[in-house]
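>>> what follows is a predicted structure for the sequence shown.
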Amino acid sequence: MNPPVITEQERAQKELAVVGKGIPKADAGVKVTGQAQYMHDLELPNMLYGKILYSDRASARIVSIDTSEAERIPGVKAVLTAYNTPEIRFGFLKDNMALKKDRVRQYRDEVAAVAATTPELAEAAIKAIVVHYEDLPAVFDPEEAMQEGAPLVHELNPKGEPNKDNRLRLPWKFSAGDVEAGEAASAFIAEGEYETGWVTHCCLGTAGCVAAFDPDDNLTMYSITQIPSLAKADFQEAMKAMGVRGKVRVVLTTLGGGFGSKLDTYAFEYIAMLLAHRTKKPVKILFDREEEFFATSPRQPTRIKIRQGCDAEGRLTFRDISMVLDNGAYTSWGATTPTVMMMPSSSLYQVENVRFRATCVYTNNTYAQAMRGYGTPQVTFAIESNLDELAEKAGIEGYEFRLKNANLPDTVTPQGFKVDSCGHVPCLEAVAERMDWAGYRAAKAARLAGDATGAGGDATLVESDTAGVPPVAQAAWTELPDKVRGIGMACLLHVGGGAKIYKSDGCGTLIKVDDLGYVDVYSGSMDMGQGLDTILRQIVAETLGLGVDRINVVIGDTDVCPWDAGAHASRSTFVAGNSALYAAQQVREQILNSAADILDTPRDGLDLTGGMVVCADDPEKTTKIEKVLRKAHFASAGNTMFMAAYFYEPPTDLLAGDFKGNYSMAYAWGCHGVEVEVDRRTGQIDIVRYIAAHDVGKAINPLLLRGQILGGGLQGIGWALAEEMIFDEGKLLNPNFRDYKMLTALDSVDVEPILVEDPAAAGPYGAKGIGEPGLVPTAPAIANAIYDAVGIRLRKLPMKPEMVLAAIMEAEGR
Amino acid sequence: MAGMDKKNIHFVVNGDPVSALVGPEWTLLRALRDGVGLTGTKEGCGAGECGACTVLVDGTAVNSCLFPALEAEGRSVTTVEGLTQADGNLHPLQKAFIEYGAVQCGFCTPGALMSSKALLDQNPDPSAHQIKVALAGNLCRCTGYTQIVEAVQAAAAEMNGTAAAAVGNGSGAAASGAGATGAASDTALAGVTGAVDQPSHASTSGEVTA
Ligand code: FES
Ligand code: FES
């Protein structure tokens, strides 16, 4: 269905009443009073508590499982293993099973599960289960796993055919132009290898669910999924595997954070279904913090090789990227991150000749999933770090180099992205201006010249004015102060108008209006704290000329809400927003047409504003909206009420085949600039200043938008400097907040957002997505600033003080 | 069955005397959630590392997941439910958290509110740094903390009757009192908005001058 044709002009002429305003989040009130209901707070009558027994081996054959003692514990209602339940396969390649049979492939493998009347009894029952294993060879390094003779993580593929090696047969290859020709035309080439490890979402609310069957075998899954409609389909498929005929309903509780962690279904959800069906009682599984760390799926780790070249003038000639991804033992969305990494690889900056390949390899490590940015942060770390290396080789200052190659409006990228609105240059310029980039560089140049002539002298080398002064020679090290400052920048490109990675990237909305002028909006999308509930309120309120307090947004119930592809790809404001906008416009037309009849005046002179039907031709006829609503409803004939349904499907290309096409309706750009202070004695990095410029199209809600940039920014800074899941042969050694270094308030950085509003023609009121971009360029911006400060190029995350110190000591010959 | 070991404790919660049957190993967190039925206090880690469970015991902020329930006997406990004032009005901290965007997923919010309350009770006019110190034990994954710190500053100003005074946000931006839409914290959104190629949209950032 095509969108109604009213929009743009009408919109542009109108002073916006609620869109563009910093309206507080719709559910903030229930959250500050402790009334919000999270999974932790959900209790159903007769509910049982489920608990999972995980493997304590990385790779082993299951010899036997003895559950007899667990079964004898009073209050234990079910003890399940793969041997007494139907097989439920799930995941992107269906290579994962709810309960593992015959062998385990990673420490987080689910071997058995129980349901009991209290969490303590469930825990006791788990401890009473005895599993005998026989260790099998394991492999933990993806490069080793690719070698001939490496132990096979899966002997068979999901179809039952033998696997030859550990490589996944996934088609992650893209090329455009002629990389060899580009290389031949290059005056300068920079190459490097970059590595990013495992980090995890750290949702403050741990994962969980409650599965409940009715007597007719219909399942209600109380869930915290980011993909209600797709999860429903997954659970429905599992019902089939269980031989259960009922229907599935997915109902969301309030989420204690998402960040991509809930973009796929997990074994625990299928296990809760099995336990609930076996016991005929609702079963709750709630992760503790340790489980949250080791049994949810982290960010996809990468090892990236990159080569980029430019001509003598500094114009990019080619970019060649290849990477190996540790897939872990099973396949979830982590394995598909290359499809998104292709995007900045092909299209961030103007470069005609591009090659991209990614290989995913099974290992006996944990398997990865989506996490804010979906691969973009990893590959942007490589691209933007390497870009500074290339600029240095070409003798061009990094900011100038970026400007020279920046993306421009109304262009088509080598991957086929139709870039209309493009705030790349404005974002670069905004950062440069805010940081006085030129002044900073000039001071540094003067400093270096001073050093070279000996005129500068040591006297000026005090901390306060050494900003941006890198060591020029080994000899200079001794003259540097202990703390040295430097600046760096990095840009980003992310989808800002949905991303067609499924066959549908759509979202449905239903709207109904009551007699009093209150509006219920049923959207397929969901909220994990980012504020979609509020954005939809604003869009519908604006369209219907009502206050936001009249708009009730209903999300997170598949029985009443239409289909949606889920909260990923920073798509919700754009896609769900458009869906709500177009549904609201239909309702608006219905009301205005009815009002024209009721008020006996031409439709064209009518408008909805400030809760009124405003009649421009005859102000006397201006009347409250609810009066019109009631007159239409309680008419003597032709009674009607107003409601509408709209399914918005972005007219984009499906990402498949040669991976060329326009797969988003808008592209989001940004540039981060950072000033760091490096302590040469300790390797400690302090962020002195952090600027985040983002092209957001249009800020529908600047208050919440700022929260996305600040929150994403600090997550990214933590990723760059501190966060790390430490594994020893597949076993997570730091599954707690003591040893996993999430940044605290005391470590926090006052990120300064700059909004560049270059409206997206197809976006709701011009908006683009902003959920993920705030995190994307953090690591390379910081790495570039560290290089500027001390001349050390860090190519592995996190850039922990001990790594920084070791690199400094090596460079200084200490 | 374990009921035999259970013991009744008597304490004051949010001003009301209550009793709860608790097991010997129960924490105050569990006593509040399962014993008293107040689920506003959250468990984020159960190990004293995240602060989601922060409540006040005799005015002092504690991690209720570490505090033995039996030791609550005779004490006065304040939870997030007790922040709301007797007349039903929200506490200035609650209002500021709403208006300044300090709440996203909200799971850390009850704990962050209680740590903030303990701080303001002791130090009615804290600096941004003092607020960060007070909140150092309250992990938040969503907000990046900035808007929480701004909210605490705003609440302090409101409670001190200096609400119209400038609220610095550490980034040098100008500040303002909370507007009707809570747009106060937009001050840091100083814009190059539209400055480059969309001059017609400059007005959208006009409301947020730096
Ligand atoms: S739950 Fe008490 S500190 Fe985390
Ligand atoms: S608002 Fe989500 S953890 Fe703080």
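Here it is on my side, so go on. Ligands and ions are numbered 1, 2, ... in the order given.
>>> ligand 2 versus residue A:615, what's the distance?
Separation of residue A:615 from ligand 2 (CB to the nearest ligand atom, to the nearest Å): 45 Å. (C-beta placed from N, C-alpha, C; glycine too.)
>>> ok, and the closest non-adjacent residue to that residue?
The shortest distance from residue A:615 to any non-neighbouring residue, by CB to CB, 6 or more residues apart in numbering or on different chains, is to residue A:621 (4.0 Å).
>>> torsion angles phi and psi at that neighbour?
phi -80, psi -10 (degrees, to the nearest 10).
>>> which residues sit in contact with residue B:39?
Contacts for residue B:39 were tallied using CB atoms under 8 Å, 6 or more residues apart in numbering or on different chains; they are A:34, A:37, A:40, A:41, B:33.
>>> which of those residues are buried?
The neighbour-count test (16 or more other CB atoms under 10 Å in any protein chain shown) marks A:34, A:40, A:41, B:33 as buried among the contacts of residue B:39.
>>> ramachandran coordinates for the first one?
Here is the backbone geometry of residue A:34 (degrees, to the nearest 10): phi 80, psi 10.
>>> touching, it and residue B:82? I think so.
No. Counting by CB atoms under 8 Å, residue A:34 does not reach residue B:82; the two are 9.3 Å apart.
>>> so who does residue B:55 touch?
B:28, B:29, B:32, B:41, B:61, B:62, B:64, B:77, B:78, B:79, B:80, B:114.
>>> so the third one belongs to a strand, correct?
No. Secondary structure of residue B:32, determined by DSSP: H, G, I helix; E, B strand; the rest coil: helix, with no strand assignment.
>>> and it, what pLDDT?
At residue B:32, the pLDDT value in this model is 98.
>>> next one: the second one
According to the per-residue confidence, residue B:29 scores 98 in pLDDT.
>>> host element of it?
helix B:28-30 (DSSP states H and E).
>>> other SSEs contacting the strand or helix carrying residue A:113?
For residue A:113, the host element (DSSP H and E) is strand A:110-116. Secondary-structure packing of strand A:110-116 (3 or more CB pairs under 8 Å, 6 or more residues apart in numbering or on different chains; DSSP states H and E): strand A:48-54, strand A:60-66, strand A:76-81, helix A:119-128, helix A:267-279.
>>> residue B:11: which of those is closest?
helix A:119-128 (23.4 Å; CB to CB).
>>> specify the angle between that closest one and strand A:76-81 in degrees.
Here the directions of helix A:119-128 and strand A:76-81 differ by 40 degrees (axes from the mean of the first three to the mean of the last three CA atoms, to 10 degrees).
>>> got the CA positions of whichever helix or strand comes after helix A:119-128 in CSV?
Following helix A:119-128 in sequence order, the next helix or strand is strand A:130-135 (DSSP H and E). Extracted in CSV, the C-alpha atoms of strand A:130-135 (Å, rounded to 0.1, in the frame of the first residue of the first chain):
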residue,chain,number,x,y,z
VAL,A,130,25.2,-36.2,37.7
VAL,A,131,26.7,-36.0,34.2
HIS,A,132,29.6,-38.1,32.9
TYR,A,133,31.6,-36.7,30.1
GLU,A,134,34.4,-37.9,27.9
ASP,A,135,36.5,-35.0,26.8
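>>> which parts of strand A:130-135 are buried?
For strand A:130-135, using 16+ other CB under 10 Å, the buried residues are A:131, A:133.
>>> so where is the chain shaky, pLDDT-wise?
All of this refers to chain A. A:1-14, A:451-478 (pLDDT under 70).
>>> I was thinking of chain B, sorry if that wasn't clear
With pLDDT under 70 as the threshold, chain B has low-confidence stretches at B:1-4, B:163-210.
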